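>>> Predicted coordinates and the sequence they were generated for:
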Amino acid sequence: MAKKIENNKWVRGKKDIQIATKLIALIGGVIVLSSVIIAAVSLTVFDRKQVSATEEQLIHSAEGAKSIMDDWLVTLSGYGAITSIRGDVIGSMVDNDTDILSDIVDRYSDLLEHDMVAFVDNNGKIIAGNGEQGFSPKADLSSSYAVQTSLTGVASHSFESIGNCAYAAVFAYPLKEYEDSDETLGAVIFAYDLTTDSFTKLIQNSYSAECTIFSGDLRVKSTLPGVEGTTLANTEIVNMVLENGETYRGENKIKGKNYFSVYAPLTNDDGHITGMLFIAKSLEEIEAIRVTTIKIVIPIAIAIAAILMFLSYLFVRWLMWRISNVSRQLEEMATGEADLTKRVTLRVIDEVGMLVINFNKFCDKLQQIIGETKRSKDELSVSGESMSASTQDTASAITQIIANIDSISHQINTQTSSVQQTAGAVDEISSNIESLNRMIENQSSGVSQASAAVEEMIGNISSVNNSVEKMASSFKELEENANTGFKMQNDVNERIQQIETQSEMLQDANTAISSIAEQTNLLAMNAAIEAAHAGEAGKGFAVVADEIRKLSETSSAQSKTIGEQLTKIKSQIGEVVSASNESSRSFGVVSQKIQETDQLVMQIRAAMDEQNQGSQQITDALKTMNDSTQEVRAASIEMANGNKMILEEVQHLQSATLEMKGSMDEMSQGARKINETGSALADISGQVQDAIGKIGSQIDLFKV
């Protein structure tokens, strides 16, 4: 053990370590470990953030470089568009005036920002150009993609080798005599030379990154020393960028140095990839930043850890000094004169302060308890003397209790036999009530079924009655409609008779017309005869007579046709008259049958009303019987419940009687034991008085 007790005192062992030392060691270890973890995490996060920031910067740099190239191409396209609409240029191309075109080339070279400019004819040969860039007259540019496309009438841009330039950004614009002409006079070519320092230095100064221009996989210009004229050996990058047209991002090694790089494809306007744009940053710069950061972070972490450890030492020392004050007070209370009036001084309210407060409260409570104990000691002495006198009185009272217990036990035996007889009678009553309840249940079920059957019959009667009422109303409507139809049929008969009379009049009129047509025919024949007798003078009258004859024949034919139709109409009218008379007789028979059916329906309705009233009386009687049955059933249930309660109470009484009997036996035995222990209690009373004296002598040692 680290500690042992000798003569009621704690003795420190050899292996003991003070709490202050443990706390200081623990806090120091936590501070050192936290500092190491924080420094490691900070450096790791910084490293990752730096790499991520570098990658993001390179991506933006590559996008910026591509934007610069796009701006250059836009600028070149603007130069080409403006040149294509100049009248002096078009006129010179038509007249093949190379002097004017050469002057324009010279002015463009002085005023515009570009590296190369030239005019070519429709065969791709240079008419005029700045010779220092290989655009000398008569040079052939027909192999250039941009030139070939522009000579077809479409403006085009490309990244390619042109003239004496190994790789350039080229824009060619067609020249036409008329804007809507299909034939071209030639083209104007503007280009930026990508093999000079202008583009790569611009990217290096703008984005603080290395830049290289590739023609295919050949490095034609670079800010990296000693790489121009070499090819890219990494086939993965070549396939990814030049074959698939994707942008490569990642680490690679160039001339023994590690770079984080971006390779972006350079494409013509037809999508053909001719080169690459390389933007990179050396990873040695990131490593240098990491080393510098370590040199700054580690000393700061060590200084902060030392300061925190010193402050922790001061805090632990102050805390242990306050705890030792409480320990000294407890030691004084344990080794002194048991003075409970002393208290620990409170300096700061914190966890230790709360310990001091609770310790002082404990001393207050202990002082109060000891004071109360001293007062109770005196009272116990008096109570011990009273207890000795009362013991003797208790012994005599117990003897009387034993006699009374024996008398009560005899009475309980008599009560037990009476309770058993009562329980048998209550069981018999309960069986009779259950039998009565079953009969009431059967009766209630029969009444309910009868009531349901009668209610169903009343419902059917009501349904039949409603149907009969609907039939009665329907028959009334039918009778009214039949009477209306009969009247309308009579009107139709009268009108048909009038039509028959009028058709006879039409027949007479047609006969008259036929007669007139025959007479007119005879007159026409006579007129023709007279016209023949008159000779030449009667030819005009003969024509009139012939037309009158034709009219007579036509009238006769129409009269015959009308007669045939009138005959048919008359026969059809006769058929209609006979059908109408038959319909009138049918309407009469229907009206008579409807009246007879209506009388039968009224008789059925009266019988159903009487049957409905009788069913209602039966229902009322069944309801009354059902209510009476329910009342009897409820009363029977109440009787059964009451009988159960009585039976339960009797059983409880029987159980209580048995328990009382057992209790009385136990009380009798207990009283005898109490009587036996009465003498022993007197001896104990003397012993209690001796113990009270000893306790009093110990309590008197405390000062309260």
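In hand now; what should we look at?

>>> Which helix or strand contains residue 376?
Element membership for residue 376, per DSSP states H and E: helix 351-534.

>>> What of residue 563?
helix 539-699.

>>> And for residue 128?
strand 126-129.

>>> Let me see the contact set for residue 86.
Residue 86 makes contact with residue 104, according to Cβ atoms under 8 Å, 6 or more residues apart in numbering. (Each C-beta comes from the backbone N, C-alpha and C, glycine too.)

>>> same question but for residue 231, I mixed them up
By Cβ under 8 Å, 6+ apart, the contact set of residue 231 is 217, 218, 219.

>>> Could you double-check that the second one lies in contact with residue 229?
Yes. The criterion here is Cβ atoms under 8 Å, and residue 218 meets it with residue 229 at 7.3 Å.

>>> Comparing these two, which residue is more hemmed in?
Neighbours were counted for residue 218 and for residue 229 using other Cβ atoms under 10 Å; residue 218 has more, 16 against 10.

>>> and that one, what are its bridge partners?
Beta bridges link residue 218 to residue 215, residue 231, judged by DSSP bridges.

>>> Could you list the low-confidence segments of the stretch 251-400 of the chain?
Applying pLDDT under 70 to the stretch 251-400 of the chain flags the ranges 285-290, 329, 332-344, 346-348, 350-351, 374, 377-400.

>>> so what's the residue nearest to residue 156 when sequence neighbours are not counted scoring on pLDDT?
What sits nearest to residue 156 in space, not counting adjacent residues and going by Cβ to Cβ, 6 or more residues apart in numbering, is residue 149, at 3.6 Å. Per-residue pLDDT puts residue 149 at 92.

>>> Spell out the secondary structure type for residue 149.
Recorded secondary structure, residue 149: helix (DSSP: H, G, I helix; E, B strand; the rest coil).

>>> got it, and residue 113?
Per three-state DSSP, residue 113 ends up coil.

>>> Quick check: the gap between the nearest residue to it once chain neighbours are set aside and residue 520.
Leaving out its chain neighbours, the residue that sits closest to residue 113 by Cβ to Cβ, 6+ apart is residue 75, at 6.9 Å. Distance, residue 75 to residue 520, by Cβ to Cβ, to the nearest Å: 109 Å.

>>> Next: residue 265.
Distance, residue 265 to residue 520, by Cβ to Cβ: 111 Å.

>>> more neighbours, these two?
residue 265 (22 against 17).

>>> Can you get me a residue count around residue 515?
Other residues close to residue 515 by other Cβ under 10 Å number 12.

>>> ditto for residue 354
The burial count for residue 354: 11, using other Cβ under 10 Å.

>>> Next: the one 3 residues further on.
If you count neighbours by other Cβ under 10 Å, residue 357 ends up with 13.

>>> can you pull the contacts of the residue lying farthest from the centre of the chain?
Within the chain, the residue lying farthest from the chain centre (Cα atoms, centre = their mean) is residue 533, at 117.1 Å. Contacts for residue 533 (Cβ under 8 Å, 6+ apart) come out as none.

>>> what residues does stretch 569-579 touch?
The contact list for stretch 569-579, computed with Cβ under 8 Å, 6+ apart, reads 493, 496, 497, 499, 500, 503, 504, 507.

>>> Let me know the secondary structure of residue 142.
Using three-state DSSP, the structure places residue 142 in coil.

>>> That one reaches residue 121, doesn't it?
No. Judged on Cβ under 8 Å, residue 142 makes no contact with residue 121 at a distance of 10.0 Å.

>>> just checking, what packs against the strand holding residue 128?
Here strand 126-129 touches helix 98-111, strand 116-121, going by 3 or more Cβ pairs under 8 Å, 6 or more residues apart in numbering; DSSP states H and E.

>>> Quick check: phi and psi on residue 114?
Note on residue 114: its backbone torsions stand at phi -160, psi 170 [degrees, to the nearest 10].

>>> That one: how many residues sit nearby?
Residues near residue 114, counting by other Cβ under 10 Å, number 20.

>>> start the count at 20, not 1, going forward
Understood, numbering begins at 20; the last thing we discussed is residue 133.

>>> Test of understanding: give the bridge partners of the nearest residue to it once chain neighbours are set aside.
Closest residue to residue 133 apart from its sequence neighbours, by Cβ to Cβ, 6+ apart: residue 209 at 5.1 Å. As for beta bridges, residue 209 partners with residue 136, residue 190 under DSSP bridges.

>>> so residue 211, which of the three states?
Look at residue 211: counting by three-state DSSP, its state is strand.

>>> Surely it is in contact with residue 91?
Yes. Residue 211 is within contact range of residue 91, at 5.3 Å (criterion: Cβ under 8 Å).

>>> got any residues that touch both of these two?
Applying Cβ under 8 Å, 6+ apart, one finds that residue 211 and residue 91 are jointly contacted by residue 188.

>>> Quickly note the distance from residue 104 to residue 148.
20 Å.

>>> for the record, mean pLDDT for the helix holding residue 582?
71.

>>> which residue ranges form the strands in the stretch 220-369 of the chain?
Along the stretch 220-369 of the chain, the stretches classed as strands by DSSP state E, counting those that start in this stretch are 229-234, 237-241, 267-273, 276-286, 292-301.

>>> Would you reformat those strands as CSV and include distance to residue 609?
Converted to CSV, these look like this (distance: least, Cβ to Cβ, whole Å):
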stretch, distance to residue 609
strand 229-234, 111
strand 237-241, 115
strand 267-273, 103
strand 276-286, 99
strand 292-301, 102
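
>>> For residue 546, find the nearest of the ones you listed.
strand 276-286 (109.7 Å; Cβ to Cβ).

>>> got the contact list for that closest one?
Applying Cβ under 8 Å, 6+ apart, the external contacts of strand 276-286 come out as 70, 73-74, 77-78, 80-81, 84-85, 88, 178, 229, 233, 256, 259-261, 264-272, 292-303.

>>> Quick check on those residues: which are buried?
73-74, 77, 80-81, 84-85, 88, 178, 229, 233, 256, 259-261, 266-267, 271, 292-302 (16 or more other Cβ atoms under 10 Å).

>>> what's the burial count for residue 243?
Residue 243 has 19 neighbours, counted by other Cβ under 10 Å.

>>> Please apply the same query to residue 643.
Neighbours of residue 643 using other Cβ under 10 Å come to 11.

>>> So it versus residue 518, what's the distance?
75 Å.

>>> same check, this time on residue 192
98 Å.

>>> Between the two, which has more neighbouring residues?
Higher neighbour count among residue 192 and residue 518: residue 192, with 24 against 15, using other Cβ under 10 Å.

>>> Quick check, the more buried one in contact with residue 104.
No. Counting by Cβ under 8 Å, residue 192 stays clear of residue 104, with 10.0 Å between them.

>>> Is residue 175 in contact with residue 206, as I believe?
No. Counting by Cβ under 8 Å, residue 175 stays clear of residue 206, with 9.2 Å between them.
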